[in-house]
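S.K.: Take this sequence and fold it.
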Amino acid sequence: MEMTYKEFYNWTKQYLGTRLENKRIDIVPIVEKLGEVNNKNNMEDRIKINGEWYVRENTQKKQSYKLGDTFSLGFDYEGMLDWGLNMTMDTSINDMEKLLDSFEDVNYHREAAPLYDLIDQLKYINEYGPSVDLGHVACEFFKRFKKECEDTLKNIIGSTLRIEDNG
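M.R.: The predicted structure follows:
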């Protein structure tokens with residue numbers, strides 16, 4: 001079905017239950033062949049906007065987040081953010097880099113910025129030895145990253161979370 005922006009706005013408001021005041025629209029582009037989508041999604045879950053087909057996001061099967069996952073229609077954003085919230089200062093740099101790759105692949109660059117800084121700081125400490133100042137800076141990056149994860153998760157699920165201080 002082809003529709004105007006106003007029709008689309010009303011459709012999302014009624015059919016998808018989208019929180020339009022937050023400008024969150026829970027539809028995603030269909031990147032698969034249309035024939036494959038017909039097997040996975042009901043017609044009422046699909047919409048054509050400016051010649052592109054979209055599907056309701058929650059009709060896609062979500063896979064539980066695994067460290068290093070990259071974007072897919074069923075990407076588990078909440079799982080990735082939860083992984084970030086549960087990360088500790090003892091998490092290996094290799095695992096932090098895999099998490100960073102996931103954040104960057106799904107365009108969560110703002111959230112990933114303190115994690116990138118944390119990884120750089122930890123690599124520097126590993127190469128040149130620990131110091132009180134360097135450790136303090138690393139802890140600040142760690143706390144900022146956890147705060148970014150918490151804030152984004154709050155926006156996604158709309159609930160109050162509490163960050164545990166694991167560092």
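S.K.: Can you show me the CA trace of the one helix or strand Gly84 maps to as CSV?
M.R.: Assessed by DSSP states H and E, Gly84 sits inside helix 77-86. Output in CSV follows, covering the C-alpha atoms of helix 77-86 (Å, rounded to 0.1, in the frame of the first residue of the first chain):
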residue,chain,number,x,y,z
TYR,A,77,19.8,-4.2,20.9
GLU,A,78,18.7,-4.7,24.5
GLY,A,79,20.9,-7.8,24.8
MET,A,80,23.9,-5.8,23.6
LEU,A,81,23.3,-3.0,26.0
ASP,A,82,22.7,-5.5,28.8
TRP,A,83,26.1,-7.0,28.0
GLY,A,84,27.6,-3.6,28.3
LEU,A,85,25.9,-3.0,31.6
ASN,A,86,27.2,-6.3,33.0
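S.K.: Give me the contact list for it.
M.R.: Helix 77-86 has contacts (CB atoms under 8 Å, 6 or more residues apart in numbering) with 64-65, 67, 69, 99, 102-103, 106, 108, 111, 115, 145-146, 149-150, 152-153, 156-157, 161, 163-164, 166. (C-beta placed from N, C-alpha, C; glycine too.)
S.K.: tell me the mean pLDDT for that helix?
M.R.: Mean pLDDT, computed over helix 77-86, is 94.
S.K.: Would you mind listing the buried residues in that helix?
M.R.: Neighbour counts over helix 77-86 (16 or more other CB atoms under 10 Å) mark Tyr77, Gly79, Met80, Leu81, Trp83, Gly84, Leu85 as buried.
S.K.: For whichever helix or strand comes after it, name the packing helices and strands.
M.R.: Using DSSP H and E, the helix or strand that follows helix 77-86 in sequence is helix 93-105. On a contact count with 3 or more CB pairs under 8 Å, 6 or more residues apart in numbering; DSSP states H and E, helix 93-105 meets helix 77-86, helix 109-128.
S.K.: I'm done for today, thanks for sticking with me.
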